[in-house]
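Q: task: produce atomic coordinates for the following.
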Amino acid sequence: MNGECEALYRARVRELGAGREVLEIGCGPDSAARELAEAGAEVIGVDISPVAIAAARDRAAGLHTVRFEEMDVEAL
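A: Numbering: from 1, shown residues only. As a prediction, the model looks like this:
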């Protein structure tokens with residue numbers, strides 16, 4: 001995704017997520033959980049990778065409306 005598309009995508013994520021409950025499946029490097037939480041969403045992020053979960057927690061440190069769980073979403 002180029003820079004302009006990325007900016008439009010992120011703006012749309014914030015707009016649509018504001019005030020909602022969001023389940024983000026896959027919290028890797030392109031996670032939108034922090035932006036969603038900053039826009040007012042309650043976010044649960046899940047990923048099978050403990051490394052991805054740790055990185056997502058670091059990126060969202062200090063935000064109280066986002067949490068991350070290590071799990072295999074195929075088990076839901």
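Q: find the centremost residue of this protein, please.
A: By CA atoms, centre = their mean, the chain has its centre lying nearest to residue 33, at 2.1 Å.
Q: can I assume it is in contact with residue 45?
A: Yes - between residue 33 and residue 45 there is a contact under CB atoms under 8 Å: 4.5 Å. (C-beta placed from N, C-alpha, C; glycine too.)
Q: before we move on, back to that, which residues does the residue nearest to the centre of the chain contact?
A: Taking CB atoms under 8 Å, 6 or more residues apart in numbering, we find residue 33 in contact with 22, 24, 27, 43, 45, 56, 59-60, 66, 68.
Q: returning to what we had before: overlap in contacts, residue 33 and residue 45.
A: 24, 27, 56, 66, 68.
Q: what's the helix or strand for the second one?
A: Taking DSSP states H and E as the definition, residue 27 sits outside all helices and strands.
Q: what are the phi and psi angles of it?
A: phi -110, psi 40 (degrees, to the nearest 10).
Q: report pLDDT for it.
A: You'll see residue 27 listed with a pLDDT of 85.
Q: same question for the third one.
A: pLDDT recorded at residue 56 is 92.
Q: residues near the residue nearest to residue 72 when sequence neighbours are not counted, how many?
A: Spatial nearest neighbour of residue 72, excluding adjacent residues (CB to CB, 6 or more residues apart in numbering): residue 48 at 5.0 Å. Residues lying near residue 48 (other CB atoms under 10 Å) number 15.
Q: again with residue 49
A: 13.
Q: now do the contacts for it.
A: Residue 49 neighbours (CB under 8 Å, 6+ apart): 28, 70.
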